[in-house]
Each structure stands twice: as C-alpha cells, then as structure tokens.
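S.K.: pasting a predicted model and its sequence here:
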Amino acid sequence: MKRLLILLPLLAAAMLHAQDAQPKTAEEILRIVRLSYALQNHKMSGHLRDDATGRTEPLTLTMENQVMRFLFTNEPKEIVHLDLNTTPATLYQVRAGGSAQVQGNQYGASVRGMAFNYEDLSLRFLYWPRPQLMGEGRVSAQKCWIVRVTNPGKDGPYYVVDIYVHQGSGGAAKMEAYDRNSKVVKRYQVTKVQKVDKATVLKELKIETINPFNGDVKGRTYMIMENPEKK
C-alpha cells in the first residue's frame, strides 16, 4: 500500500492511503480522499497571504483524533475546528465570545478577509450524496479523475464542485466550484509540494475567487505551510 501525505485547501491537510486496487466508482474515489482526514498527531505552521495587498495571516494547523484545528493568532484571535467524527463533518468557530457551530448561511463568509471561506475550510462537498465520475483530466501533467458533486440543499455558496483526484496518489489536486447559474466562482490548486521523510507535503495552495460574470479572478489567496512536525 502506497502512502502519501497530501494537504488540501481549504484547504486543509491530510494523509492519504492510496490503494493498490484502482477505484471503480465516484464514491470509491471520494472515500479515498476522505480517508486523508484521518491523519492524527501532526502540527503545521504557516500563513495565508493575500496576493493583491501582501497582507498575511499566521496560522497553526493541528490534527488530532480526527479533529482539525486552524488557529489564527492575529487579533481578533480565532480558532476554527473541523470535527471529522461526524457525518458530514461539523465546523465550529471559537472567538472571545465563545464557541458556535458555523451555520449554512455563514459558509460563504470570508475567513480573515481572504479569498477563502468557511465552505472551503469545511470541505462539506466531499460528503454530498450521489457523486458522478465525469471522466479524466490532467493537473500539472498528472492524470486525474474528475468527480462532480452537487449540493443537495440550498445553503452554502457552491452548487456544484468538480474535484480533480490524482490517479497515482488518491489526493485532490484541484477543485472548481460553480454557482447555481453554472458559473465558476472558486478555484483552488496545490501548486508546490515538499518532501518530508517518505511523504509528500503541501508547500503552497492557491485559492482564487472568480467573478461569475466575466471569469476574471477577483481575489487570490495563497496558503503556505512549513514542514509538519509530530506532536
């Protein structure tokens, strides 16, 4: 069994277990991607950077007992934690006033003023029912499956999300999100990786907010991470 550490947008960070037997259905492919979030007892430091202004937001990401925690240390301090023990995963926000679950009408809100929202952090679309295998494509010359998921409800900023999954590793390399008018509104892609022991680890993730009327990029945020460390 091959083992590969891949970090997603939101992304997000994870260890993937790519199986020798190739998956046959969209659900099997997404199951491999979801396994990524079983990574435990790791910690990463890094930052978000706004491309237009150069403003940065330091962050620390920890993963333990299938709970991912994003700690933002600039004022106002904030912790966003994603509980993967529930189906679908549950997103909470902790600020000075206390802790509260992020509700559906809040998923489109910007995180720390960046081109990055709470839907991106939660990756709820990995759990949307009845995924479809749309065929194959390439990301950075690597062959990928394209899995399409459709929002079963009316909440959140995305209606359809196309997930490009590396055939070799089982890791999500790129995602494109569409609104209810079939216009691309978000795109994010792993642009740099780094080697740590026998694992491949995220170095840089590019997150772009797209103007649905003309296709122009109206916001771009980079998530840049350092080497992970054992807790």
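M.R.: That came in fine, so what should we check first? Numbers count the residues shown, from 1 in each chain.

S.K.: CA atoms for contacts and neighbours, from now on please.
M.R.: Noted.

S.K.: tell me the buried residues in the helix ranked longest in the chain?
M.R.: In the chain, with assignment by DSSP state H, the single longest helix is helix 26-35. Residues of helix 26-35 classed as buried by neighbour count (16 or more other CA atoms under 10 Å): 26, 27, 29, 30, 32, 33, 34, 35.

S.K.: what mean pLDDT would you report for that helix?
M.R.: For helix 26-35, the mean pLDDT works out to 87.

S.K.: please write out the alpha-carbon positions of it in PDB.
M.R.: What follows is helix 26-35, C-alpha atoms only, in PDB (Å, rounded to 0.1, in the frame of the first residue of the first chain):
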ATOM      1  CA  ALA A  26     -17.000   8.200  -7.900                       C
ATOM      2  CA  GLU A  27     -18.000   7.200  -4.400                       C
ATOM      3  CA  GLU A  28     -14.900   5.000  -4.000                       C
ATOM      4  CA  ILE A  29     -12.700   7.800  -5.300                       C
ATOM      5  CA  LEU A  30     -14.100  10.300  -2.800                       C
ATOM      6  CA  ARG A  31     -13.800   7.700   0.000                       C
ATOM      7  CA  ILE A  32     -10.100   7.600  -0.600                       C
ATOM      8  CA  VAL A  33     -10.000  11.400  -0.400                       C
ATOM      9  CA  ARG A  34     -12.000  11.500   2.800                       C
ATOM     10  CA  LEU A  35      -9.500   9.000   4.400                       C
END
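
S.K.: quick one on the thing from earlier: now the buried residues of helix 26-35 in TSV, with distance to residue 89?
M.R.: Formatted as TSV, these follow (distance: CA to CA, whole Å):
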residue	distance to residue 89
26	19
27	17
29	18
30	14
32	16
33	14
34	10
35	13
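
S.K.: still on that earlier bit, helices or strands up against the longest helix of the chain?
M.R.: Contacts defined by 3 or more CA pairs under 8 Å, 6 or more residues apart in numbering; DSSP states H and E place helix 26-35 against strand 14-18, strand 132-139, strand 142-150.

S.K.: swap in 10 Å and give it another go.
M.R.: Where contact means 3 or more CA pairs under 10 Å, 6 or more residues apart in numbering; DSSP states H and E, helix 26-35 is packed against strand 14-18, strand 132-139, strand 142-150, strand 160-166, strand 172-178.

S.K.: now those strands in TSV, with mean neighbour count?
M.R.: As requested, these are exported to TSV (neighbours: other CA atoms under 10 Å):
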stretch	mean neighbour count
strand 14-18	23
strand 132-139	15
strand 142-150	20
strand 160-166	24
strand 172-178	23
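
S.K.: ok, which of those comes nearest residue 126?
M.R.: strand 142-150 (7.7 Å; CA to CA).

S.K.: tell me the strands beside that closest one, with direction?
M.R.: Here strand 142-150 has these sheet partners by DSSP bridges: strand 132-139 (antiparallel), strand 160-166 (antiparallel).
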